[in-house]
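Student: here you go, sequence then predicted model.
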Amino acid sequence: MRKTPFIIGCLAAATLASAAQAKTLVYCSEGSPEGFDPALYTAGTTFNASSRPVYNRLAEFERGTTNVIPGLAESWSASADGLEYTFKLRPGVKFHSTSYFTPTRDFNADDVLFTFNRQRDEGHAWHKYTEGTAWEYFNGMDMPALIKDIVKVDDMTVKFVLNKPESPTVANLAMDFASIVSKEYADQLAAAGKMTDLNQAPIGTGPFQFQAYQKDAVIRYTANADYWAGKQKIDNLIFAITTDNSVRMQKLKAGECHVAPYPNPADLPELRANADLTVMEQEGLNVGYLAYNTKVAPFDNVNVRKALNMAINKQAILDAVFEGAGKAAKNPVPPTMWSYNDAIQDDPYDPVASKKMLDDAGVSGLKMKIWAMPVARPYNPNARRMAELLQADFAAVGVEAEVTSYEWGEYLKLSKDLDRDGAVLLGWTGDNGDPDNFLSVLLSCSSVGGSNRAQWCNEEFDGLVNAAKQESDQAKRTALYEQAQVVFKREAPWGTIAHSVVFMPMSNKVSGYKMDPLGSHRFDGVDIAE
């Protein structure tokens, strides 16, 4: 039975009241995870609940930065030709011991090979272990073509052999899809005929152990007493799933949760004035966009896409949806990202020219759908409102747009369909601080049917991005990425909408929290005063 918001609030309050026995932090998350095997997904909401508390990776991002530091690998080295990366694994790392799994050995090379081979080998027993398995991130980054082999040198040494050099290799392996899972646990599940439990009852090496999940209501974790980097200061971590922005802020002010992301911009003055709260902020490494399905007529016509972009009043969207906490986007990467091409001119807001282009393209009277996300995201605090504004903009040029939506997990799944109708509102926050994480993951040919929601495959663009990945000189990489942005703007697979400022309200009792430029919400290193 699904808990009501009132019951969840009481649950959180009761938990806070019992804090004399243990330190408990309640995080009012904005949505439900799609699952707990992070390699299956790309959404930050899912990563916040899975990869970040439960798992580790060979390399990690230092909290609050994009700096790559050792994780489950103590060190690594690359060959002179950039085709081999050798990782020395950290000894003595223990997987979680829970009511449903007790490990008999420490983390080793077998777990690394299992983690990646299940994604890259179509014949692997775990390659299709749950319905709809697509390894979207792994494939979207073209990892099957990049990785030639993964070699177990010995129990504590692994070598990645590549088909071509790739500059962001180590940073890529610090990303959520590269979270290391336990082969021993997987073997136990396979023997018991319960393989799908890997995505429902996770086992990792991370700072918190998964305890329980009540769908769309609450997730419970406890601190990992055997964590290789030391036990966390908080004993219990609770995700109280609260999809409504205003309700999250009400709970925060009432003390029912300690941290609550994505406030309505209109609520910020009141939150800042509250003496019991702190409101952190930083410019987001993100972009919000409207992705046309370029495989479906008439959106396969670049002139139709350009015409619709010229109908969008971005300033009105910034005023109504972001309320001063965003800036208009013209490129698919944010201005805080190196290689951003500021010389590019944005499509002008020109409804008269837009209507003429649509008439010239023979699509006057066009009917379409605009997909609106059901949850707040850092790059779009209110997708429904944005969709309504786009609907009005399109109506002004003779286009009849229907706003549609789905539950978040279903929205992400259905929006990948090659024959999806209309245009979908989505966005992205960088996962590794590299332009490739935007341009390749979201727009490459290998991402079509996955994270490339525009279903756009352009050989010129792909060639530039792939050349940049193989180039080690950052100035040369920058030039290639700048050219790729020119192609993107010319072909217009998206309507680029906005880059946002991200706000993070929390109780003054919370200490040690660091805003992440990569958009994650992490609670390792966080403490709470009681």
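Tutor: On my side now, so go ahead. Numbers count the residues shown, from 1 in each chain.
Student: hmm, which helix or strand of the chain has the shakiest average pLDDT?
Tutor: helix 5-17 (a mean of 43; mean pLDDT, DSSP states H and E).
Student: who touches whichever helix in the chain runs longest?
Tutor: The helix that spans the most residues within the chain, counting by DSSP state H, is helix 474-491. Helix 474-491 has contacts (C-beta atoms under 8 Å, 6 or more residues apart in numbering) with 167, 302, 305, 330-333, 338-341, 343-345, 347, 435, 439, 443, 456, 458, 460-461, 464-465, 467-468, 471, 494. No exception for glycine: its C-beta is placed from N, CA and C like everyone else's.
Student: try stretch 125-143
Tutor: Stretch 125-143 has contacts (C-beta under 8 Å, 6+ apart) with 35, 37, 39-42, 114, 118-121, 144, 172, 175-177, 186, 190, 195-196, 198-199, 413, 416, 436, 440-442, 444, 446-447, 449-452, 466.
Student: N48 is in contact with S29, correct?
Tutor: Yes: assessed by C-beta atoms under 8 Å, S29 is found in contact with N48 at 6.6 Å.
Student: where along the stretch 201-350 of the chain do the helices fall?
Tutor: 245-254, 268-273, 302-311, 314-317 (DSSP state H, counting those that start in this stretch).
Student: gap between the third one and the chain center?
Tutor: The chain centroid and the centroid of helix 302-311 are separated by 28 Å under C-alpha atoms, centre = their mean, to the nearest Å.
Student: for the record, mean pLDDT for it?
Tutor: What helix 302-311 shows for mean pLDDT is 98.
Student: what angle do that helix and helix 474-491 make?
Tutor: Put simply, helix 302-311 runs at 90 degrees to helix 474-491, going by axes from the mean of the first three to the mean of the last three C-alpha atoms, to 10 degrees.
Student: tabulate the CA atom coordinates of helix 302-311 in CSV.
Tutor: This file holds the C-alpha atoms of helix 302-311, laid out as CSV (Å, rounded to 0.1, in the frame of the first residue of the first chain):
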residue,chain,number,x,y,z
VAL,A,302,15.6,20.9,-40.6
ASN,A,303,13.6,24.0,-41.8
VAL,A,304,10.7,22.8,-39.7
ARG,A,305,12.9,22.4,-36.6
LYS,A,306,14.5,25.9,-37.2
ALA,A,307,11.1,27.4,-37.7
LEU,A,308,9.8,26.0,-34.4
ASN,A,309,13.0,27.2,-32.6
MET,A,310,12.3,30.7,-33.9
ALA,A,311,8.8,30.6,-32.4
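Student: other residues contacting that helix?
Tutor: Identification of contacts with helix 302-311 by C-beta under 8 Å, 6+ apart yields 292, 294, 298-299, 347-351, 353-355, 357-358, 360-361, 363, 366, 393-394, 396-397, 399, 423, 490-493, 495.
Student: in it, what counts as buried?
Tutor: Judged by neighbour count using 16 or more other C-beta atoms under 10 Å, the buried positions of helix 302-311 are V304, R305, K306, A307, L308, N309, M310, A311.
Student: repeat that for the second one.
Tutor: Neighbour-count burial for helix 268-273, counted by 16+ other C-beta under 10 Å, picks out L268, L271.
Student: same question, stretch 262-282
Tutor: Applying 16+ other C-beta under 10 Å to stretch 262-282 flags Y262, P263, N264, P265, D267, L268, L271, L277, T278, V279 as buried.
Student: does the fourth one touch D319 like I think?
Tutor: In this case it means P265. No: between P265 and D319 there is no contact, the gap being 10.1 Å when judged by C-beta under 8 Å.
Student: any common contacting residues for the two?
Tutor: Counting by C-beta under 8 Å, 6+ apart, nothing touches both P265 and D319.
Student: all strands of the stretch 101-250 of the chain, in order?
Tutor: Using DSSP state E, counting those that start in this stretch, the strands of the stretch 101-250 of the chain run over 147-154, 157-162, 208-214, 218-223, 236-240.
Student: and the helices of the stretch 201-350 of the chain as CSV, adding distance to P91?
Tutor: Listed next are those as CSV, based on distance: least, C-beta to C-beta, whole Å:
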stretch, distance to P91
helix 245-254, 42
helix 268-273, 46
helix 302-311, 54
helix 314-317, 53
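Student: out of those, which gets nearest to N286?
Tutor: Comparing the helices of the stretch 201-350 of the chain by their distance to N286 (C-beta to C-beta), the top pick is helix 314-317, with 15.1 Å.
Student: tell me, what's the model's pLDDT at the residue sitting furthest away from the middle of the chain?
Tutor: Of all residues in the chain, D360 has its C-alpha farthest from the mean position, at 38.8 Å, by C-alpha atoms, centre = their mean. Predicted confidence (pLDDT) at D360: the value is 96.
Student: try F116
Tutor: 98.
Student: tally of neighbours for it?
Tutor: By other C-beta atoms under 10 Å, the residues close to F116 number 23.
Student: OK, contacts around the residue lying closest to it once chain neighbours are set aside?
Tutor: The spatially closest residue to F116, leaving aside those adjacent along the chain, is I150, at 5.6 Å (C-beta to C-beta, 6 or more residues apart in numbering). Contact analysis of I150 by C-beta under 8 Å, 6+ apart lists V112, L113, F116, N117, R120, V158, K159, F160, V161.
Student: need the max-distance pair from the residues you listed.
Tutor: R120 and K159 (14.8 Å).
Student: low-confidence ranges in the protein?
Tutor: Within the chain, the stretches with pLDDT under 70 are 1-20.
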